[in-house]
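# got a sequence here, can you build the structure:
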Amino acid sequence: MAFYEVYSHPAVIRYKTSVCTKATVFLVAVLCLTYISPLLVAYRSQGFWIKRSTYEEQPVVRFQYQTLLVAATSTKGDYVAWSTFPHFNNMQGANLRIPTVSVREEDENHDGKLDRLIFRLQLPLKPEEQVYSVQLLLTFSYQLFRMSTVLMQSLAYVQYSSSVPGAQLFISGDLRLQQRTPLPHRGLYTVYNVSVVDGSSPFASAYDLVNIIGAYQDRNLTTVLSCPGPVWVVGRAAGSPFQLDAEIRYPMEIISYRPGFWETVKFAWIQYVSVLLVFLWVFRRIQTFVFQNQVLPTIPVPLGKPHFS
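Model (predicted):
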């Protein structure tokens with residue numbers, strides 16, 4: 001039997017409420033828990049807005065062929081000295097000793113950057129002279145290029161003393177970078193690109209190791225020779241020179257720098273989004289668990305045949 005539509009009437013149902021309701025408060029609370037909580041968690045993790053970051057780089061190091069040597073030859077204060085600075089040598093008089101020096105820098109992995117310095121010095125002595133202590137200063141050109149371009153002059157200082165006269169001193173260590181403040185993330189940094197020793201000065205104070213090391217340590221960026229175990233060899237044969245051997249490596253360094261604005265914002269945004277995704281996943285799991293375990297009301301269904309009038 002076919003049915004025909006006789007009459008139809010649309011029904012419009014409208015629900016009205018005010019803004020200040022429990023539903024609005026609940027919605028605002030859910031939004032805060034969803035978006036504000038991850039922000040607070042990321043901020044309280046002490047890494048949201050980074051102020052310092054690090055990177056690895058092997059520096060470009062070159063030996064400057066500038067050397068200053070002072071060796072004590074007795075326990076009474078006698079010494080011999082030599083340097084590559086003519087004014088210093090002129091001041092020494094009878095204490096001046098001209099050594100034999102050999103230098104070689106090697107690139108072990110053939111990457112275009114030198115990896116170590118092999119330095120040998122043979123100091124001639126008189127028959128009655130013995131070496132009880134050694135002070136050696138070597139200067140280097142130190143450069144970094146990955147973030148900011150750093151150009152500076154640095155030094156390696158070696159000091160060793162013994163109550164027993166020696167025939168040879170052997171040192172093997174790393175030329176390590178020391179920072180008091182982080183470097184800028186870009187630009188040219190040439191604050192310390194000046195000679196550590198003023199070789200043009202005719203005054204003795206310019207070559208005093210106390211003044212040189214004191215002024216050098218006032219810098220925010222320095223290098224230091226890390227040598228855990230120098231070897232002091234005794235038993236020098238009569239007439240043979242005192243020998244100093246040094247192997248100085250130029251290792252990979254961890255450089256500290258101040259990140260730029262966009263790098264800091266990118267890091268903060270990535271951290272916030274990561275925590276937000278975790279929160280959304282947790283809320284979704286809670287919602288699914290509640291929905292699956294809630295008890296739905298039972299709606300009675302009338303039995304019997306339908307009645308049409």
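# and residue 89, which of the three is it?
Using DSSP: H, G, I helix; E, B strand; the rest coil, the secondary structure recorded for residue 89 is helix.
# let me see the contact set for it.
82-83, 96 (Cβ atoms under 8 Å, 6 or more residues apart in numbering). Any C-beta I mention is one placed from the backbone N, CA and C, and that applies to glycine too.
# same deal with residue 162?
132-133, 232.
# again, but for residue 157
Here residue 157 is in contact with 135-138, 213, 224-225 (Cβ under 8 Å, 6+ apart).
# can you do 6 Å?
By Cβ atoms under 6 Å, 6 or more residues apart in numbering, the contact list for residue 157 reads residue 137.
# how about the one 3 residues further on?
Taking Cβ under 6 Å, 6+ apart as the definition of contact, the neighbours of residue 160 are 134, 169, 230.
# nearest to residue 124, out of those residues: which one, please.
Each of these was scored against residue 124 by Cβ to Cβ, and residue 134 proved nearest at 14.6 Å.
# contact partners for the closest one?
For residue 134, the set of contacting residues under the criterion of Cβ under 6 Å, 6+ apart consists of 71, 160, 169.
# can I get the residues you listed in TSV with secondary structure and pLDDT?
TSV is the format used below for the contacts of residue 134 (DSSP: H, G, I helix; E, B strand; the rest coil; pLDDT from 0 to 100):
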residue	secondary structure	pLDDT
71	strand	94
160	strand	92
169	strand	94
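# out of those residues, who's nearest residue 177?
Comparing every one of the contacts of residue 134 with residue 177 (Cβ to Cβ), the shortest separation belongs to residue 160, at 22.9 Å.
# show me what that closest one is bridged to.
Legend: beta-bridge partners of residue 160 under DSSP bridges are residue 134.
# for it, give its distance to residue 115.
24 Å (Cβ to Cβ, to the nearest Å).
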